[in-house]
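Student: Here is my input, please return the structure:
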Amino acid sequence: MFYKDERLALFIDGSNLYAAAKSLGFDIDYKLLRAEFMRRGKLLRAFYYTALLENEEYSPIRPLVDWLNYNGFTMVTKPAKEYIDSQGRRKVKGNMDIELAVDAMELAPRVDHIVLFSGDGDFRPLVESLQRQGVRVSVVSTIRSQPPMISDDLRRQADNFIELEDLKDVIGRPPREDAPERPRVAVNSD
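Tutor: Below is the predicted model:
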């Protein structure tokens with residue numbers, strides 16, 4: 001539930017939202033996403049968190065990061081760490097949980113409602129703390145993917161759970177066939 005006069009802030013866990021939308025077979029149109037939540041309340045900030053591969057000449061996420069930066073989103077990035085796992089596979093790790101949590105806690109006194117785009121169960125204590133400060137928290141993710149992309153604990157803690165697939169007609173677009181694959185960044189939903 002949203003109220004027109006409430007001050008809103010969006011906190012988007014980029015890799016988590018990307019994985020959830022991909023599992024449902026669509027891409028997010030961030031211009032439509034921002035417009036939708038501006039319609040739902042007084043949108044003060046829209047944060048987008050992602051790790052970037054700094055050592056590659058071309059990063060498939062760089063055009064999105066640049067577009068978001070010029071179109072009303074506050075970008076929070078840091079270099080991703082690359083490593084080789086025990087099976088010899090190249091992995092990329094870029095957890096932005098702490099940055100998101102710190103920003104949400106700092107902004108809490110100035111907002112009425114926070115919308116968290118993530119299913120990561122590590123955010124449950126953050127949601128609980130925000131609620132103790134009088135902030136309502138909606139969580140956007142999906143239970144319709146296999147496996148579900150949201151932890152049960154996070155879904156239960158939130159004031160409101162928004163099924164990402166229900167937003168598909170409002171903020172989605174078909175996946176681009178020619179788009180390069182985004183690097184695999186660890187996504188946590190437990």
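
Student: what's the helix or strand for residue 154?
Tutor: helix 152-157 (DSSP states H and E).

Student: got the buried residues for that helix?
Tutor: Neighbour-count burial for helix 152-157, counted by 16 or more other Cβ atoms under 10 Å, picks out 153-155, 157. Quick note: C-beta positions are derived from backbone N, CA and C, even for glycine.

Student: Check which element follows it along the chain.
Tutor: Of the helices and strands lying after helix 152-157 in sequence (DSSP H and E), the nearest is strand 160-163.

Student: who does that next one touch, helix- and strand-wise?
Tutor: strand 136-141 (3 or more Cβ pairs under 8 Å, 6 or more residues apart in numbering; DSSP states H and E).

Student: Pull the residues that contact the strand it packs on.
Tutor: Contacts with strand 136-141, where a contact means Cβ atoms under 8 Å, 6 or more residues apart in numbering, come from 2, 6, 16-17, 20, 112-119, 123, 127, 130-131, 149-150, 154-155, 157-164, 167, 189.

Student: one step back: nearest to residue 90, of the buried residues of helix 152-157?
Tutor: Here the nearest of the buried residues of helix 152-157 to residue 90, counting by Cβ to Cβ, is residue 154; it sits at 29.4 Å.

Student: Return the per-residue confidence for residue 89.
Tutor: What the model reports for residue 89 is a pLDDT of 87.

Student: typo on my end, residue 62
Tutor: Per-residue confidence (pLDDT) for residue 62: 84.
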